[in-house]
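> How does the following fold in three dimensions:
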Amino acid sequence: MNNVKKLIHKLNECEKIVLYTLGLVKNLHILRLNKLHKILFLVSEVLPEIAELFFFDALYLGPFSIDINYSLSNLDELGLVIYDDGQYKLSEKGQSIYRKLKFKKELRSLLNDLKEFLWDVPEFYIFVYICAVIPDFEEFTGFEITPYHRLQTAKYLFVQEKINFAQAVEIAQISTSYFEKFFTKS
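Purely as a prediction, here's the structure:
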């Protein structure tokens, strides 16, 4: 068994998923911890097998899982990730592991879609989006999303072509005609 296979064998499922997620974004940007938590939270809401691996709690403006932080710490100790100024990326050794990891198509596809969807979206808008698509989460956080937050988030995501008009209206929680008026004024 070569070194890469031995390292893969040492990793638990959480560590593999965190490493794989970091590997997906390697060519775009270095990933901030908050965004990593948000991406994996959304994945866990869709895929029950991922929800079993990560326990999420509400922390400040988004979901938080200590399991992700433990995974990152272990990956750092193994020399697979590099942490610099609150951002993470894979080391060369981590990139070698990433290229060998195999996951179900559904997980790979979902992570890739979320990466594309969330990549350039400001973190607060991601938080509002999560609260809009997972209504229980807003109550869980104790943070009140105002109509203004919803409207601004819907507008931003629509203008950036992240969502369609109907989804924007749903996030804004207003009538179609009001959203049209708001959109044409701005």
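> and residue 52, how many neighbours?
10 (other Cβ atoms under 10 Å). For glycine as for every other residue, the C-beta is placed from the backbone atoms N, C-alpha and C.
> Quick check: phi and psi at it.
Main-chain torsions, residue 52, degrees, to the nearest 10: phi -70, psi -20.
> same question, the one 10 residues further on
The phi/psi pair for residue 62 (degrees, to the nearest 10) reads phi 160, psi 180.
> which residues does it contact?
Taking Cβ atoms under 8 Å, 6 or more residues apart in numbering, we find residue 62 in contact with 34, 37-38, 41, 123, 126-127, 130, 141.
> Let's see that with 7 Å instead.
By Cβ atoms under 7 Å, 6 or more residues apart in numbering, the residues touching residue 62 are 34, 37-38, 127, 130.
> where in the chain is pLDDT low?
1, 26-31, 185-186 (pLDDT under 70).
> Check which residues of stretch 160-170 are buried.
162-163, 167-170 (16 or more other Cβ atoms under 10 Å).
> contacts for it?
If you take Cβ under 7 Å, 6+ apart as the criterion, stretch 160-170 is touched by 117, 121, 154, 157-158, 176, 179.
> and with 8 Å instead?
Stretch 160-170 has contacts (Cβ under 8 Å, 6+ apart) with 117, 120-121, 132, 154-155, 157-158, 171, 175-176, 179.
> Which ones among the contacts of residue 62 map onto helices?
34, 37-38, 127, 130 (DSSP state H).
> which residues of the protein fall in strands?
31-32, 57-58, 63-64, 81-84, 87-90 (DSSP state E).
> Nearest spatial neighbour of the residue nearest in space to the middle of the chain, chain-adjacent residues omitted?
Centrality entry for the chain: nearest residue to the mean C-alpha point is residue 39, 1.3 Å, by Cα atoms, centre = their mean. In this structure, residue 39 finds its nearest non-sequential neighbour in residue 114, 5.1 Å apart by Cβ to Cβ, 6 or more residues apart in numbering.
> Contacts only, for that neighbour.
By Cβ under 8 Å, 6+ apart, the contact set of residue 114 is 39, 42-43.
> circling back: tell me which of the strands of the chain is the most buried.
When you average the neighbours per residue for each of the strands of the chain (mean count of other Cβ atoms under 10 Å), strand 63-64 leads with a mean of 22.
> would TSV of the contacts of residue 62 with distance to residue 80 and neighbour count be doable?
Converted to TSV, the contacts of residue 62 look like this (distance: Cβ to Cβ, whole Å; neighbours: other Cβ atoms under 10 Å):
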residue	distance to residue 80	neighbour count
34	21	18
37	19	19
38	22	24
127	28	23
130	28	21
